[in-house]
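1. here is my input; please provide its structure:
(4 chains)
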There are 2 protein chains.
Amino acid sequence: MTPRQNRQRDRGIPEATVARLPVYLRALTGLQEREVATVSSEELAAAAGVNSAKLRKDLSHLGSYGTRGVGYEVEYLVYQISRELGLTQDWVVAIIGVGNLGRALAGYGGFASRGFRVAGLLDADEAIVGQEISGKTVAHIDRLEEMIAEHGVSIAVIATPAGAAQGVCDRVVASGVTSVLNFAPVVLSVPEGVDVRKVDLSIELQILAFHEQRKAGGPGDYEPVAGGGEDPPGPAQYVEAVEA
Amino acid sequence: MTPRQNRQRDRGIPEATVARLPVYLRALTGLQEREVATVSSEELAAAAGVNSAKLRKDLSHLGSYGTRGVGYEVEYLVYQISRELGLTQDWVVAIIGVGNLGRALAGYGGFASRGFRVAGLLDADEAIVGQEISGKTVAHIDRLEEMIAEHGVSIAVIATPAGAAQGVCDRVVASGVTSVLNFAPVVLSVPEGVDVRKVDLSIELQILAFHEQRKAGGPGDYEPVAGGGEDPPGPAQYVEAVEA
DNA sequence: AAGCCTTTGTGAATACGCGCACAAAGTGGC
DNA sequence: GCCACTTTGTGCGCGTATTCACAAAGGCTT
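-> Have a look, this model is predicted:
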């Protein structure tokens, strides 16, 4: 991802900071529910699982919203972060692909609670079209463009099989959508100016497996290839290992 | 040190590299299906959506597996990456929390296809216990420790409501699990040596909203203080703070 | 075998993110 | 009003990640 030129003022909030703001926000709303009025960077950092200096630096990118000697006013900070993240306005979301995952997403409470409104569910499978899921009727994918225009969809959630994802992506982008959340296990290619974020369960598991393996002693406890001397194993031999 | 550290199965593979290896692996298996025998770093990088120099450097951490002037042999590279990630062995997974998301996870094909075996599904809800989901019968959460020990679970997937997640996490960690994939919207605290990865749909959407908002002109070009249209949360206090 | 062409592997430069440590700023007590 | 105490905001150094650019290495052709 390119560090896009951010000409807007001094609003160059680091990407790493942006990624943490939602975490802070969640911790803060938790405090709000417990009616805590103010919180120190130390406390909030602990709740968010980060270093307190990092938290202060992150917040300093939004402005100077703390009070030295006291801390941050919870409610005020919630509002500032929400505004920075764009959560003070509503975002219209379309979920494309109503398989197991799409269904789970449609029923996910975390959407509505933060200003994300699911305008519609779409699928190509005639057997699914027409079904009612979480209070919404599944529409046919043919009506994708229509729905995007009609409801003003600005974020598309792609939960289709891998093979259909790029095609769907092209269509939503052609319809003017510039933000895509992709659950399909493919790398989507999009034109400049379109943001894609990817969630991939399989990749997360593989990363965990790597660390788990390392804890257990790393790869090559056994040498998987004969003649494991100093040279890298030749290409011819591993095939047996793989197919064995 | 010689430029070629033979057997540089250096445990110091950068985290950023590890996170990309599964992406390369997926691109490679795609090539395998199309029966492509060799691939250049340029082509593979394009398929994985990264810079080719980065790809080469990533692969160089695993060893010197390419041929200059030719590229990488697809099948060989698939094997090497799989081995490095620990996918040449089976990993036993337990899914805790069988709501919408847990159900979707249970049926997710990406698990089984990479050596992840779902040993069991667990839930606290008596109405769900006993149901059959994707060929597995849901067990009661009381049998968590028993199941972990019996099946040798090494990765726990937590898909419970937020409130239950930390408790479940403590229990799986106490049972010896050292890798956790957390879907619950909470920050889990775990002892040293336990890896936690988090997937949070809501956070991803919020990050997209931030960028979407910025594309549209950024937050609060005008001061979003009282009278500005929306009702900011909370009474009068922070309004003063804004203007002060 | 020699030369040309392609592509890898990597040194070097740059950018970025993190966390320490501390001065500045504000609060509360007396 | 002054002082002691708390906590923010940030300068700075360090380590990691990314990208460029090129020499080395291999194959292919003649």
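2. domains for chain A, by residue range?
-> As given by automatic domain parsing, the domain ranges for chain A are A:15-85, A:91-201.
3. make a markdown table from these and add mean pLDDT and distance to residue B:156 to it.
-> C-betas here are computed from N, CA, C, even on glycine. Shown next, in a markdown table, are the domains of chain A (pLDDT from 0 to 100; distance: least, Cβ to Cβ, whole Å):
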| stretch | mean pLDDT | distance to residue B:156 |
| --- | --- | --- |
| domain A:15-85 | 96 | 18 |
| domain A:91-201 | 95 | 14 |
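4. let me have these in CSV, extended by distance to chain B and mean neighbour count.
-> As requested, the domains of chain A are exported to CSV (distance: least, Cβ to the nearest Cβ, whole Å; neighbours: other Cβ atoms under 10 Å in any protein chain shown):
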stretch, distance to chain B, mean neighbour count
domain A:15-85, 4, 18
domain A:91-201, 3, 18
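5. so which of these gets nearest residue B:98?
-> With Cβ to Cβ as the measure, domain A:91-201 is the member of these nearest residue B:98 (11.2 Å).
6. show me how far the closest one is from its chain's centre.
-> 14 Å (Cα atoms, centre = their mean, to the nearest Å).
7. that domain and DNA strand D, are they touching?
-> No: Domain A:91-201 stays out of contact with DNA strand D when judged by Cβ under 7 Å from any atom of the strand, the minimum separation being 14.3 Å.
8. who's in contact with residue A:211?
-> B:18, B:179, B:195 (Cβ atoms under 8 Å, 6 or more residues apart in numbering or on different chains).
9. turn the domains of chain A into JSON lines, columns for distance to residue B:97.
-> Formatted as JSON lines, these follow (distance: least, Cβ to Cβ, whole Å):
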{"stretch": "domain A:15-85", "distance to residue B:97": "18"}
{"stretch": "domain A:91-201", "distance to residue B:97": "11"}
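10. of all those, which one is nearest residue B:183?
-> When the domains of chain A are compared by Cβ to Cβ, domain A:91-201 sits nearest residue B:183, at 8.9 Å.
11. how long is that closest one from one end to the other?
-> Start to finish, the residues bounding domain A:91-201 are 25 Å apart (Cα to Cα, to the nearest Å).
12. would you map the helices across chain A?
-> A:15-33, A:41-48, A:52-60, A:74-85, A:100-106, A:109-112, A:144-151, A:162-174, A:201-215, A:238-243 (DSSP state H).
13. which one of those helices lies closest to residue A:132?
-> helix A:100-106 (10.3 Å).
14. report all helices and strands that that closest one contacts.
-> strand A:91-96, strand A:116-123, helix B:100-106 (3 or more Cβ pairs under 8 Å, 6 or more residues apart in numbering or on different chains; DSSP states H and E).
15. contacts for that helix next, please.
-> With Cβ under 8 Å, 6+ apart as the criterion, helix A:100-106 contacts A:95-96, A:98, A:111, A:118, A:121, A:123, A:133-134, A:136, A:157, A:159, A:183, B:99-101, B:103-104, B:107-108, B:201.
16. kindly export it (C-alpha atoms) in PDB.
-> Output in PDB follows, covering the C-alpha atoms of helix A:100-106 (Å, rounded to 0.1, in the frame of the first residue of the first chain):
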ATOM      1  CA  ASN A 100     -22.100 -19.200   6.000                       C
ATOM      2  CA  LEU A 101     -19.800 -16.300   6.400                       C
ATOM      3  CA  GLY A 102     -22.100 -13.800   4.800                       C
ATOM      4  CA  ARG A 103     -24.900 -14.900   7.100                       C
ATOM      5  CA  ALA A 104     -22.700 -14.400  10.100                       C
ATOM      6  CA  LEU A 105     -21.800 -11.000   8.900                       C
ATOM      7  CA  ALA A 106     -25.400 -10.100   8.300                       C
END
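17. now distance to DNA strand C too, for the helices and strands packed on helix A:100-106, in a markdown table please.
-> Formatted as a markdown table, the helices and strands packed on helix A:100-106 follow (distance: least, Cβ to the nearest atom of the strand, whole Å):
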| stretch | distance to DNA strand C |
| --- | --- |
| strand A:91-96 | 24 |
| strand A:116-123 | 25 |
| helix B:100-106 | 27 |
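18. if we look at stretch A:13-29, which residues are touching it?
-> A:1, A:3, A:39, A:44, A:47-50, A:54-55, A:57-59, A:61-62, A:74, A:77-78, A:81-82, A:84-85, A:87, B:185, B:187, B:200, B:202-203, B:206-207, B:210.
19. how about it, does it reach DNA strand C?
-> Yes: judged by Cβ under 7 Å from any atom of the strand, stretch A:13-29 comes into contact with DNA strand C at A:14-17.
20. next: stretch A:44-51.
-> Yes: Stretch A:44-51 is in contact with DNA strand C by Cβ under 7 Å from any atom of the strand, via A:50-51.
21. gap between the nearest residue to residue A:212 once chain neighbours are set aside and DNA strand C?
-> Spatial nearest neighbour of residue A:212, excluding adjacent residues (Cβ to Cβ, 6 or more residues apart in numbering or on different chains): residue B:179 at 4.8 Å. As for residue B:179, its distance to DNA strand C is 21 Å (criterion: Cβ to the nearest atom of the strand, to the nearest Å).
22. contacts only, for residue A:67.
-> With Cβ under 8 Å, 6+ apart, residue A:67 has these contacts: A:38, A:73.
23. I'd like to know how far it sits from DNA strand C.
-> 5 Å.
24. hang on, the earlier thing: in the sheet, who's paired with the residue nearest to residue A:212?
-> Beta-bridge partners recorded for residue B:179 (DSSP bridges): residue B:155, residue B:195.
25. wait, it touches residue B:194, no?
-> Yes: Residue B:179 is within contact range of residue B:194, at 7.4 Å (criterion: Cβ atoms under 8 Å).
26. and for the two, which residues touch both?
-> With Cβ under 8 Å, 6+ apart, residue B:179 and residue B:194 have no common neighbours.
27. test my guess that residue A:31 contacts residue A:47.
-> Yes: counting by Cβ under 8 Å, residue A:31 touches residue A:47, with 7.4 Å between them.
28. contacting residues for the closest residue in space to residue A:191 that isn't next to it in sequence?
-> Nearest non-adjacent residue to residue A:191, counting by Cβ to Cβ, 6+ apart: residue A:173, 6.7 Å away. Counting by Cβ under 8 Å, 6+ apart, residue A:173 makes contact with A:180, A:190-191, A:194.
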